[in-house]
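Asker: Task: produce atomic coordinates for the following.
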Amino acid sequence: MANAKFAYYFSDYRGKEKRAHDNLRFFADALKRHGQFFGVFRYKFDFLKNNPRFTDLSLYYLYDHLPKLTAEQVSLLESEYCIPFSTVRMMTVVSRVRYPNISALPSDMEFAQIVASWVKFFKEKKPDVFICGLMDDYVGIIGMEVARKMGVKTSVLFSGGVYSGEYLLADINYLPAFYRKFSKKELAFASIKATEGLTASKVMNANISKVFSKWFDLTALWMAPKMISAIFTSIYGYYFVIPKLERKMWLSTFELIGRQTKYFVRSQISKFYFKEEPVAGEKFVFFPLHFTDDAAIVTAVPFLNQINAAEELARSLPDGWKLYIKAHPHWKCADLKIPDMRRLRAIPNARLIKYDVGAKDLIRASCYTVVINSTVGYECLALRKKVFTLGNFYPSDIIPHLNNPKDIIALQSHKFDWVKISDFMGNVYLHGVRCPPDLFAFGSLNQEIANQLADAINEFRKSNHKIGPRVW
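Answerer: Prediction:
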């Protein structure tokens, strides 16, 4: 046990919040019960400098190991250890804001240097497990791809599952990682519990909704001093503290202000677009929209445009059917560009549903649902309703994958194996680590939750879980 090695990538922007420091300490202490802990950082954050809380940890700073490279070496590192850099470049929100000005994004040389630093780390430390999250972060994305190419087992710490306020381990392809064996009886009982939780009318973690609502309310008086303070802190950090390379990785203060303002304006304007109610007796397919700046879309399925997908789905439905399109209830269309709202409204057989209409009511009344990487998929399974996915967060033998929205035409008669699905739901439930709502809403851990996560990661390490090819 003492020889096990765990590498944990710290993906925060600057790691300013005490919550992030506490999470690191909790997680390091939890993993050190099972072996060696290595913390991987892009550079030495301020909170790590001369801080006695972290002097005992083995830490690696990627930017301290960026080598000088020739053009040939850049090409070799890209082909041997990563996916195409042109693809990586489009896998963060930064790229979506700055494109087509790619000069403001990392160059191939800079990407290759980061690849080389990760290769050096994995070769020197030889971790048994690489631990990260679902990241909107160039350096972390590259780290995952290098780990895949070098055969390092990777555990993605995922927020979400069949229970609100749950953490779940996923593999490098974002699929739930099952590393424990359970009896049929245990799985059946757990599947019932999962179904009860997913079909309950009560919102199990209302704190998350409150956090999002406050975040968008720019008119609230209490927001003004916080916003002013945040602006000055952000300017100082972005232009005077972080390494120059980091400015290509993260949005600037003024880009963030612009984005937040657009979020506020769009969330107000969207009410004039997403205002329809379901029509009793109407045949329809439910298509829940995702937050377009979420890593579950930008990073996990970078080639997918959900507006195009909605248009194609609508064209693939039987005559007389409608496509019910509903925005994410937390984001309230803040992420949707106004031209995209117009495109959705222009779909002749679509209804833009008010975002306060319950998703479960729509699932029950629908002919079937199409998701991308939404946890709505779990709700469909719990309600024993047909569901298909355009994403990669569900096994294809549980929720059929659509490579193209038009594939739905051939799959509408697909027979679901509800016995296998019940086992899957039971496994997800039993592999989940549940977190107190107040902690989960803000991404905080305590030592008990960190210990449970570390125990799960160690079991994952000892399992025979295989590293599969990259799934888009």
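Asker: Start from the N-terminal end of the stretch 351-472 of the chain and give the helices.
Answerer: Along the stretch 351-472 of the chain, counting by DSSP state H, counting those that start in this stretch, helices occupy 359-365, 376-382, 408-411, 418-431, 437-440, 447-462.
Asker: tell me the most buried of the ones you listed?
Answerer: Among those, helix 376-382 has the highest mean neighbour count (mean count of other CB atoms under 10 Å), at a mean of 25. Every C-beta, even on glycine, is put in place using the N, C-alpha and C of the backbone.
Asker: need the contact list for the closest residue in space to Trp331 that isn't next to it in sequence.
Answerer: Of all residues not flanking Trp331 in the chain, Phe291 sits nearest, at 4.7 Å (CB to CB, 6 or more residues apart in numbering). Phe291 makes contact with 297, 328, 330-331, 335, according to CB atoms under 8 Å, 6 or more residues apart in numbering.
Asker: Widest-spaced pair of those?
Answerer: Spatial extent of these (CB to CB) is set by the pair Ile297 and His330 at 14.5 Å.
Asker: Which of the two has more residues huddled nearby?
Answerer: Higher neighbour count among Ile297 and His330: Ile297, with 23 against 16, using other CB atoms under 10 Å.
Asker: Now do the SS call for that one.
Answerer: helix (DSSP: H, G, I helix; E, B strand; the rest coil).
Asker: Next, find the distance separating it from Arg19.
Answerer: The gap separating Ile297 from Arg19 is 25 Å, by CB to CB, to the nearest Å.
Asker: Surely Phe158 is in contact with Gly133?
Answerer: Yes: assessed by CB atoms under 8 Å, Phe158 is found in contact with Gly133 at 7.5 Å.
Asker: returning to that earlier point: tell me the spacing between the residue nearest to Trp331 and Leu344.
Answerer: Counting by CB to CB, the gap from Phe291 to Leu344 is 15 Å.
Asker: again with Val129
Answerer: Between Val129 and Leu344 the computed distance is 42 Å (CB to CB).
Asker: Looking at these two, which has the bigger crowd around it?
Answerer: Each of Val129 and Leu344 has its neighbours counted (other CB under 10 Å); Leu344 has more, 25 against 22.
Asker: what separates the helix or strand in which that one is found from the chain centre, distance-wise?
Answerer: In the assignment (DSSP states H and E), Leu344 maps to helix 338-345. Here helix 338-345 is found 25 Å from its chain centre; the criterion is CA atoms, centre = their mean, to the nearest Å.
Asker: for it, packing partners?
Answerer: helix 253-269, helix 306-315, strand 350-353 (3 or more CB pairs under 8 Å, 6 or more residues apart in numbering; DSSP states H and E).
Asker: mean confidence score for the first one?
Answerer: What it means is helix 253-269. Mean pLDDT, helix 253-269: 91.
Asker: Contacts for that helix next, please.
Answerer: Under CB under 8 Å, 6+ apart, the answer for helix 253-269 is 97-98, 216, 218, 231, 234-235, 238, 251, 331-338, 341.
Asker: rerun at 10 Å
Answerer: Helix 253-269 is contacted by residues 93-94, 97-98, 104, 213, 215-219, 227, 230-239, 250-252, 273, 293, 327, 331-338, 340-341, 355 when judged by CB atoms under 10 Å, 6 or more residues apart in numbering.
Asker: quick one: the helices in the stretch 101-250 of the chain?
Answerer: 108-125, 138-149, 184-199, 206-216, 223-236.
Asker: what about the closest residue to Met109 other than its chain neighbours, distance to Phe111?
Answerer: Computed as CB to CB, 6+ apart, the closest residue to Met109 that is not its neighbour in sequence is Val74, at 5.7 Å. Relative to Phe111, Val74 is positioned 8 Å away (CB to CB).
Asker: now swap in Leu48 and tell me
Answerer: 25 Å.
Asker: ditto for Val433
Answerer: 34 Å.
Asker: For those two, indicate the residue with more neighbours.
Answerer: Set Val433 next to Phe111 and count neighbours by other CB under 10 Å: Phe111 wins out with 24 against 19.
Asker: Surely that one touches Arg89?
Answerer: Yes: if you go by CB atoms under 10 Å, Phe111 and Arg89 touch, sitting 7.7 Å apart.
Asker: shared neighbours of those two, which are they?
Answerer: Shared contacts of Phe111 and Arg89, counting by CB under 10 Å, 6+ apart, come down to 105, 138.
Asker: show me the contacts for Lys360.
Answerer: So Lys360 contacts 198-201, 376, 379-380, 382-383, 385 (CB under 10 Å, 6+ apart).
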